[in-house]
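> return atomic coordinates for the entry below.
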Amino acid sequence: MNDETTDWYGPDTATFGDRVAGAREQAGMTQAQLARRLGVKKATLVGWENDLSEPRANKLSMMAGILNVSLMWLLTGEGEGMSPPDEVDAAPEMTAILSELRAIRTEMRANAERAARLEKKMRSLMEHL
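Next up, the predicted model:
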């Protein structure tokens, strides 16, 4: 296995929602099943998996227990979690596409953080005008 697949769910390659969806799928649960067990609407869980919102601490803790992963892994990708998907049988073209998608996601995250810093700086400058 190469280094990129080793860090499949790490902080630089996966979001919170990616980890929730991956752990849910590994647990063999549908979105509706996990939502029911957590006592939330399916739309709420979909929002978490799509990184549109985040659960409160009590739901996050419940989710980690239900999915058999650590709270830290869900939040950061580090700690007791799940193994990366097996890519050994994937066609070389598919592996290359997955690698490129992960690189794009990392670049997008860095650019979003950069834009947020610039926006904050601009607002600060505008306040002093």
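> got the CA positions of stretch 111-120 in CSV?
Taking Å, rounded to 0.1, in the frame of the first residue of the first chain, the C-alpha atoms of stretch 111-120 are listed here in CSV:
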residue,chain,number,x,y,z
ASN,A,111,-7.2,27.8,-0.7
ALA,A,112,-10.4,28.1,1.4
GLU,A,113,-8.4,28.7,4.5
ARG,A,114,-6.3,31.3,2.6
ALA,A,115,-9.4,33.0,1.4
ALA,A,116,-10.8,33.1,4.9
ARG,A,117,-7.6,34.7,6.2
LEU,A,118,-7.7,37.3,3.5
GLU,A,119,-11.4,38.1,4.1
LYS,A,120,-10.7,38.5,7.8
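> need the residues that contact it.
Taking C-beta atoms under 8 Å, 6 or more residues apart in numbering as the criterion, no residue outside stretch 111-120 touches it. C-beta coordinates here come from the backbone N, C-alpha and C atoms, glycine included.
> gap between that stretch and the chain center?
A distance of 20 Å separates the C-alpha centroid of stretch 111-120 from that of its chain, computed with C-alpha atoms, centre = their mean, to the nearest Å.
> now swap in stretch 63-82 and tell me
Taking C-alpha atoms, centre = their mean, one finds stretch 63-82 lying 11 Å from the centre of the chain it belongs to.
> please begin residue numbering at 29 from this point
Noted, 29 is the first residue going forward, which turns the last one into stretch 91-110.
> let me know the pLDDT of the residue nearest the centre of the chain.
Of all residues in the chain, the one closest to the mean position by C-alpha atoms, centre = their mean is residue 43, 2.2 Å from it. As predicted, residue 43 sits at a pLDDT of 83.
> residue 55 contacts residue 96, correct?
Yes - Residue 55 sits in contact with residue 96 when judged by C-beta atoms under 8 Å, with a separation of 6.8 Å.
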